[in-house]
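Q: okay, sequence plus prediction incoming.
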Amino acid sequence: MITVENLTKRFGAVTAVQELSFDVPAGVVTGFIGPNGAGKSTTLRVILGLDRPTSGRALVNGVEYARLTAPAREIGAVLDPHAVHPGRTARDQLRWAATAAGVSTARIATLLDQVGLAHAGSRKIGALSLGMRQRLAIAVGFLGEPGILVLDEPLNGLDPEGIVWLRTLLKNHAARGGTVLISSHLLNELEETADRVVLIAAGRLVANLTMAELTARTSGATRVVTDDGVRFAETLERAGATVHPGADGALQVNGIDSRAIGRIAFEHGVALVELTPMRGGLEQTFLRLTNGMEPAT
Ligand SMILES: Nc1ncnc2c1ncn2[C@@H]1O[C@H](COP(=O)(O)OP(=O)(O)OP(=O)(O)O)[C@@H](O)[C@H]1O
């Protein structure tokens, strides 16, 4: 279980994360998404004790990372696959990481085999493909057999077979009661992998939904833009609709169809700027909820 509480992180004049709160429960895979510069990596780095919060906190099984007695056994990190020494062999990297984390090196051969690198253990990291480096980074994350896994863009560079492999690995980990937090821009892939998503933009929480809630919220919905969204939302709600305001001031309307919305607008003399029946799915929801949001400044 990971808990992010009122987390704010500033880098000088840049506010990367602002008053962010969300939980990552055990037993499911949680996707962590947001536009470039939204603050995802910063949040993950704070969770992993690599950055200090400006205010607020991130807890791993109820305590801050720095207070964990055996961090590698509780939380495994899959971070930037380039942040490794290119001159080391894959096996040496795992040995080094195991020693640094204070965990046994006995599982290294098994791990190399599990991530599909059994044949590449003696190769220099600099000579490995991006996908192979990702697999190595994943092996590092699993070294201490942690209950919690945090993965930053682990799908990058993986081939289709690798993506399916990682998906199965993460789903099985969650099914065994593990906690998984995975960031990715590959939303179609993530949709297949995650049971819930936390969406942030400009350092703030935009949505925290299960996939089922996301589907229910978007299927059959209509995107509506008017000059006075607040008042029209009230009108639509009186007509039995459920209305969610989007980040860009657009309304997401459920419960009545676009034809009925158009008729209500006409009857109330409301000028519609946009009236669009929405397709469901994570990618469409992401674009809709983050439309018009600026990166953190
Ligand atoms: N060490 C740092 N020093 C200064 N600014 C930073 C630092 N790390 C991150 N930032 C800034 O904080 C903001 C959030 O960056 P972050 O890398 O957390 O976003 P992200 O959601 O992971 O983005 P992406 O999807 O592009 O990887 C950006 O404006 C970034 O430039």
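A: Yes, it's here. Numbers count the residues shown, from 1 in each chain.
Q: what does the protein put close to the ligand?
A: Applying CB under 6 Å from any ligand atom, we find that the chain lies next to the ligand at 11, 14, 16, 34, 36-42, 295-296. Every C-beta, even on glycine, is put in place using the N, C-alpha and C of the backbone.
Q: how far off centre is the helix or strand of the chain with the lowest mean pLDDT?
A: None of the helices or strands of the chain scores lower by mean pLDDT, DSSP states H and E than helix 211-218, at a mean of 76. Put simply, helix 211-218 sits 17 Å off its chain's centre (CA atoms, centre = their mean, to the nearest Å).
Q: show residues contacting it.
A: 191, 194-197, 207, 209, 244, 252, 254, 278-282, 284-285, 288 (CB atoms under 8 Å, 6 or more residues apart in numbering).
Q: give me the buried subset of those.
A: 191, 194-197, 207, 209, 244, 252, 254, 278, 281-282, 285, 288 (16 or more other CB atoms under 10 Å).
Q: which one of those is nearest to W165?
A: A194 (16.3 Å; CB to CB).
Q: wait, isn't that closest one in contact with G31?
A: Yes. The pair A194 / G31 is scored as a contact, 3.4 Å apart, by CB atoms under 8 Å.
Q: which residues do the two both contact?
A: I182.
Q: for the host helix or strand of A137, buried residues please.
A: Assigned by DSSP states H and E, A137 belongs to helix 130-142. The neighbour-count check on helix 130-142 (16+ other CB under 10 Å) flags 131-142 as buried.
Q: tilt between the very next helix or strand once past it and helix 130-142?
A: Following helix 130-142 in sequence order, the next helix or strand is strand 148-152 (DSSP H and E). Interaxial angle of strand 148-152 relative to helix 130-142 (axes from the mean of the first three to the mean of the last three CA atoms, to 10 degrees): 150 degrees.
Q: hmm, who's touching strand 148-152?
A: Outside strand 148-152, the residues touching it (CB under 8 Å, 6+ apart) are 1-2, 24, 40-41, 44, 47-48, 60-61, 74-80, 138, 141-142, 170, 173, 178-183.
Q: the most centrally placed residue in the chain: what's it in contact with?
A: In the chain, the C-alpha nearest the mean C-alpha coordinate belongs to F32, at 1.0 Å (CA atoms, centre = their mean). Each residue near F32 by CB under 8 Å, 6+ apart is listed here: 40, 43-44, 181-184, 197-198, 200.
Q: what mean pLDDT does stretch 100-107 get?
A: Stretch 100-107 shows a mean pLDDT of 88.
Q: before we move on, the earlier item: what is the nearest of the buried ones among the contacts of helix 211-218 to L7?
A: Distance to L7 across those (CB to CB) is lowest for A207, with 16.9 Å.
Q: burial measure for T105, as a count.
A: Around T105 sit 15 other residues, with neighbours defined as other CB atoms under 10 Å.
Q: SS state for it?
A: In three-state terms, and counting by DSSP: H, G, I helix; E, B strand; the rest coil, T105 is coil.
Q: from now on call the first residue 195
A: Noted, 195 is the first residue going forward, which turns the last one into T299.
Q: circling back: now for the residues of the chain next to the ligand, which pair is the farthest apart?
A: Greatest spacing in the residues of the chain next to the ligand, by CB to CB: F205 and G228 (16.9 Å).
Q: among those two, which residue is more densely surrounded?
A: Shown here are F205 and G228; by other CB under 10 Å, G228 has more neighbours (26 against 12).
Q: just give me the neighbour total for the residue nearest to Y259 when sequence neighbours are not counted.
A: Leaving aside its sequence neighbours, Y259 sits nearest to G243 (CB to CB, 6 or more residues apart in numbering; 3.2 Å). Residues near G243, counting by other CB under 10 Å, number 17.
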